[in-house]
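S.K.: Below is the structure, and that's it, no one-letter string:
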């Protein structure tokens with residue numbers, strides 16, 4: 001049984017849906033995948049945040065980027081993510 005890899009199926013589906021422009025469905029699949037993955041892959045939050053950002057869902061994108069930082073504060077994208085969060089907060093406040 002491939003129970004451990006179920007999250008990969010959801011993420012794969014999410015990526016395909018995102019590429020087709022089905023943002024709401026993609027976000028839902030990402031969130032399911034992240035839950036099933038038990039938050040062991042911070043990059044999933046980063047990818048989710050990018051989709052939300054492209055959809056102008058800034059508050060949700062900020063939350064996802066913050067989750068990335070929470071799980072990987074010293075990660076490869078950490079400093080970039082901090083800058084993105086600041087920019088999104090400014091855009092949201094306008």
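M.R.: Okay, I see it. In this text, all values refer to a predicted model and were calculated from it rather than measured experimentally. Numbering: from 1, shown residues only.
S.K.: Can you show me the helices along this structure?
M.R.: Here the chain has its helices, by DSSP state H, at 6-19, 23-36, 42-54, 58-71, 78-93.
S.K.: For the second one, give the mean pLDDT please.
M.R.: Averaged across helix 23-36, the pLDDT comes to 95.
S.K.: Go through the helices of the chain and pick out the most buried.
M.R.: helix 42-54 (a mean of 20; mean count of other C-beta atoms under 10 Å). C-beta here means a position set from N, CA and C on the backbone, and glycine is covered the same way.
S.K.: Specify the angle between that one and helix 6-19 in degrees.
M.R.: Interaxial angle, helix 42-54 versus helix 6-19 (axes from the mean of the first three to the mean of the last three C-alpha atoms, to 10 degrees): 20 degrees.
S.K.: Helix 42-54 to helix 23-36, inter-axis angle?
M.R.: Using the same axes, to 10 degrees: helix 42-54 against helix 23-36 is 160 degrees.
S.K.: Compute the inter-axis angle for helix 42-54 and helix 58-71.
M.R.: Using the same axes, to 10 degrees: helix 42-54 against helix 58-71 is 160 degrees.
S.K.: quick check, distance from helix 42-54 to the centre of its chain.
M.R.: Helix 42-54 has its C-alpha centroid displaced from the chain centroid by 3 Å (C-alpha atoms, centre = their mean, to the nearest Å).
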